[in-house]
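*Asks:* What would the 3D arrangement of this be:
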Amino acid sequence: RSFKLSYYNEYKSYLSAMAVATLERDIRRAIELMEKLEQMGEIPAAKLEPMKNVLKSDFCRAVREVFEQVHETVDGNHPPELRADAAAKATVAAFAASEGHAHPRVIELPKTDEGLGFNVMGGREQASPIYISRIIPGGAAHKDGNLRRGDQLLAVNGVSVEKASHETAVELLKQATGKVKLIVKYTPKVLEEMEARFERQKASRRGRMQQ
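*Replies:* Have a look, this model is predicted:
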């Protein structure tokens with residue numbers, strides 16, 4: 001009985017310590033503990049299997065990547081519990097904002113003399129998010145293969161650009177050096193609507209100039 005209680009306490013400790021930067025290790029440990037609980041017959045396999053599947057899923061991996069990226073940007077002078085709590089809240093907010101769309105992804109690109117290999121459009125002054133409008137052939141983003149035209153740019157090296165001006169976002173990208181961490185989510189329909197709006201505005205301006 002004490003053996004079972006030990007594993008149960010370990011599992012509870014895991015649940016209370018999920019909000020730490022080493023989520024990958026903790027998730028592996030959680031899966032191991034659930035498999036041991038299953039072998040002991042303490043909890044029916046039918047109840048544990050769905051949880052194990054969630055922990056092994058691409059969604060859980062995406063949550064972990066976003067959490068770890070956000071956690072790195074929280075002021076290191078704060079106590080570990082406050083850092084973890086702030087990172088967890090920011091991660092939940094990022095996924096809540098993406099409801100109905102693709103979930104946020106973390107992409108790391110090397111900054112070269114030619115830049116990061118993509119163009120952006122949009123910004124606060126245009127009443128739109130910052131979007132990846134073009135992947136430059138042969139550039140860093142093109143070679144990496146993970147960034148897509150239609151990705152909304154959420155953060156650059158931990159700095160949010162969700163409500164930033166176009167100039168601010170471009171300046172952050174220009175100032176970034178070395179390996180640059182981006183948080184993005186794929187919402188191509190919004191980009192298409194934004195581009196169509198810009199084209200209508202251009203056509204309207206041309207029409208006024210010709211009058």
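
*Asks:* Now the phi/psi pair for Gln175, please.
*Replies:* phi -80, psi -20 (degrees, to the nearest 10).

*Asks:* how near is it to Thr168?
*Replies:* 11 Å (CB to CB, to the nearest Å). C-beta coordinates here come from the backbone N, C-alpha and C atoms, glycine included.

*Asks:* So for those two, which residue has more residues nearby?
*Replies:* Thr168 (17 against 11; other CB atoms under 10 Å).

*Asks:* residues in contact with the more buried one?
*Replies:* Contacts for Thr168 (CB atoms under 8 Å, 6 or more residues apart in numbering) come out as Gly123, Val161.

*Asks:* Tell me which helix or strand it sits in.
*Replies:* helix 166-175 (DSSP states H and E).

*Asks:* now swap in Ser133 and tell me
*Replies:* strand 128-135.

*Asks:* I'd like to know the average pLDDT value across that strand.
*Replies:* Per-region confidence: strand 128-135 scores 91 on mean pLDDT.

*Asks:* Name the next helix or strand downstream of that strand, please.
*Replies:* helix 140-144.

*Asks:* Show me what the helix or strand that comes right after that following helix is in contact with.
*Replies:* Next along the chain after helix 140-144, taking DSSP H and E as the criterion, comes strand 151-156. For strand 151-156, the external contacting residues (CB under 8 Å, 6+ apart) are 69, 94, 104, 120, 129-132, 160-162, 169, 172-173, 176, 180-187, 190-191.

*Asks:* try it again with 6 Å
*Replies:* For strand 151-156, contacts defined as CB atoms under 6 Å, 6 or more residues apart in numbering pick out Pro129, Ile130, Tyr131, Ile132, Val161, Glu162, Leu172, Ile183, Val184, Lys185, Tyr186, Thr187.

*Asks:* Gly123 against Ser165, yeah?
*Replies:* Yes. With contact defined as CB atoms under 6 Å, Gly123 reaches Ser165; the gap is 4.7 Å.

*Asks:* Quickly note the distance from Ser165 to Met40.
*Replies:* For Ser165 relative to Met40 (CB to CB), the value is 57 Å.

*Asks:* Which one's more surrounded, these two?
*Replies:* Ser165 (15 against 12).

*Asks:* Contacts only, for that one.
*Replies:* Ser165 neighbours (CB under 6 Å, 6+ apart): Gly123, Arg124, Glu125.

*Asks:* Switch these over to TSV; also include distance to Pro110, neighbour count and pLDDT.
*Replies:* Output for these, formatted as TSV (distance: CB to CB, whole Å; neighbours: other CB atoms under 10 Å; pLDDT from 0 to 100):
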residue	distance to Pro110	neighbour count	pLDDT
Gly123	25	20	90
Arg124	28	17	90
Glu125	30	11	88
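
*Asks:* So which residues of this protein form strands?
*Replies:* When secondary structure is read from DSSP state E, the chain shows strands at 105-110, 118-123, 128-135, 151-156, 159-160, 179-186.

*Asks:* And the last one, what's buried?
*Replies:* Of the residues in strand 179-186, those buried under the neighbour-count criterion (16 or more other CB atoms under 10 Å) are Val180, Lys181, Leu182, Ile183, Val184, Lys185, Tyr186.

*Asks:* Before I go, just wanted to say thanks for your time.
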